[in-house]
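Visitor: pasted the sequence and its predicted model underneath.
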Amino acid sequence: MPTSQNQKMKLLYLMKILMERTDEDHSLTVQNLLSALAEYGVIAERKSIYSDLELLREYGVDIEMKQSRTFGYYVASRLFELPELKLLADAVQSSRFITRKKSSELIDKLSSLTSIHQAAHLSRNVIAADNPKAINESVYYNIDAIHTAINSGYKICFKYFDYTVNKTRVYRRAGEFYCHTPLALCWNDDKYYLICYSEKYDNFVHYRVDRMSNATVSDEISEKVDKKRFNVSAHIKHVFGMYSGKVIRAKLNFDNSLINAVLDRFGPEIKLYKKGNNFEINVEVSESPVFLSWIAQFGDNAVIVSPESLRGEMRKLIIALNEKYN
């Protein structure tokens, strides 16, 4: 039964109907709109719909008219177009730090930004890849707390844990809180890292956001960090793979077939030196197992030319692997 309150909300219901049920391939006639309004307990006259449509246009809703055998109305453009929503949905679905449950929830919310017809098309196009996904549901609250701490100038406190083979948590420091000055969040290799300044070590420290829990903004004001001494952007670039290690300059030789992998890793601005069927680069890397493993995956198509200390570390890795498999 229609009520006066429903009648007052007629314009809002009309916009809701148009946003949810129409797109360039699906329009609604005035009679369709009247019937849809009746579902919400709103009784309207045909003439009033035309003036309401014009009011919505003035408000900013891009309503177009389509003529076939009858006149139909639809929302022609939105904040996000369907290809953009597909892109975002694919990113959410494939992201490893977002849990399966949260991925599903976020895609449902993205679907609400388009018509029900396009939302169904969106859902059909998102294929759930069998990628490893995070199992820590609190990661979203951790990120929110970290941003709040950085923007407000206070330290961030949290517990940090590792997983056992039974997938249970074992907290470091027997569950004591870590409290540091947060500087930045970095998304590297599909993982979120928190970069902090540690007063104790007078240096940068890194933490996986998905291995944090109970993240809270401290009452303690953050330490002042000398930006000339501690350049976060340079630090992220130097610390290869987000693992600690001595930063050194290295000369690397690659087969020409690896050009895409090298540009993906070091960026398109890296200078290349052609060497026949190979090319060389000079780049700063972190002397760490992560970097050595990255080089090793290419077999004899990638070689560390210098320094000798880094070549020595690679030899040690190869010998250790050979002993494991020999």
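Guide: Received it, and whenever you're ready, just let me know what you need.

Visitor: the bottom helix or strand of the protein by mean pLDDT?
Guide: helix 232-238 (a mean of 70; mean pLDDT, DSSP states H and E).

Visitor: which residues belonging to the following helix or strand past that one are considered buried?
Guide: Next helix or strand after helix 232-238 toward the C-terminus (DSSP states H and E): strand 246-255. Residues 247, 248, 250, 252, 253, 254 are the ones in strand 246-255 that count as buried (16 or more other C-beta atoms under 10 Å). For every residue, glycine as well, the C-beta is placed using N, CA and C.

Visitor: hmm, back to that, just how off-centre is the least confident helix or strand of the chain within its chain?
Guide: 20 Å (C-alpha atoms, centre = their mean, to the nearest Å).

Visitor: ditto for stretch 193-209
Guide: 21 Å.

Visitor: what pLDDT, on average, does that stretch get?
Guide: Here stretch 193-209 scores 89 as its mean pLDDT.

Visitor: low pLDDT regions in the stretch 201-326 of the chain?
Guide: The model of the stretch 201-326 of the chain has pLDDT under 70 over residues 237-245.

Visitor: 80 instead?
Guide: Within the stretch 201-326 of the chain, the stretches with pLDDT under 80 are 227-246.

Visitor: now the stretch 51-200 of the chain
Guide: For the stretch 51-200 of the chain, applying pLDDT under 80 flags the ranges 68, 93-97, 121-138, 165, 167, 188-191.

Visitor: helices of that one, start to end?
Guide: Secondary structure of the stretch 51-200 of the chain by DSSP state H, counting those that start in this stretch: the helices cover 82-94, 100-111, 116-125, 139-152.

Visitor: for those helices, which one sits closest to residue 269?
Guide: Among the helices of the stretch 51-200 of the chain, helix 82-94 comes nearest to residue 269, with 24.7 Å by C-beta to C-beta.

Visitor: that closest one vs helix 116-125, what angle?
Guide: Calculated by axes from the mean of the first three to the mean of the last three C-alpha atoms, to 10 degrees, helix 82-94 forms an angle of 40 degrees with helix 116-125.

Visitor: residue numbering should commence at 894 henceforth.
Guide: Fine by me, first position is 894 from now on; the one you just mentioned is helix 975-987.

Visitor: quick check: which helices or strands does helix 975-987 pack against?
Guide: Using 3 or more C-beta pairs under 8 Å, 6 or more residues apart in numbering; DSSP states H and E as the contact test, the elements touching helix 975-987 are helix 993-1004, helix 1009-1018.

Visitor: now the ones you listed as a markdown table including mean neighbour count?
Guide: Converted to a markdown table, the helices and strands packed on helix 975-987 look like this (neighbours: other C-beta atoms under 10 Å):
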| stretch | mean neighbour count |
| --- | --- |
| helix 993-1004 | 16 |
| helix 1009-1018 | 15 |
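
Visitor: mind checking which of those helices is nearest residue 1058?
Guide: Closest to residue 1058 of the helices and strands packed on helix 975-987 is helix 993-1004 (C-beta to C-beta; 21.2 Å).

Visitor: helices or strands next to that closest one in the packing?
Guide: Contacts defined by 3+ C-beta pairs under 8 Å, 6+ apart place helix 993-1004 against helix 975-987, helix 1009-1018.
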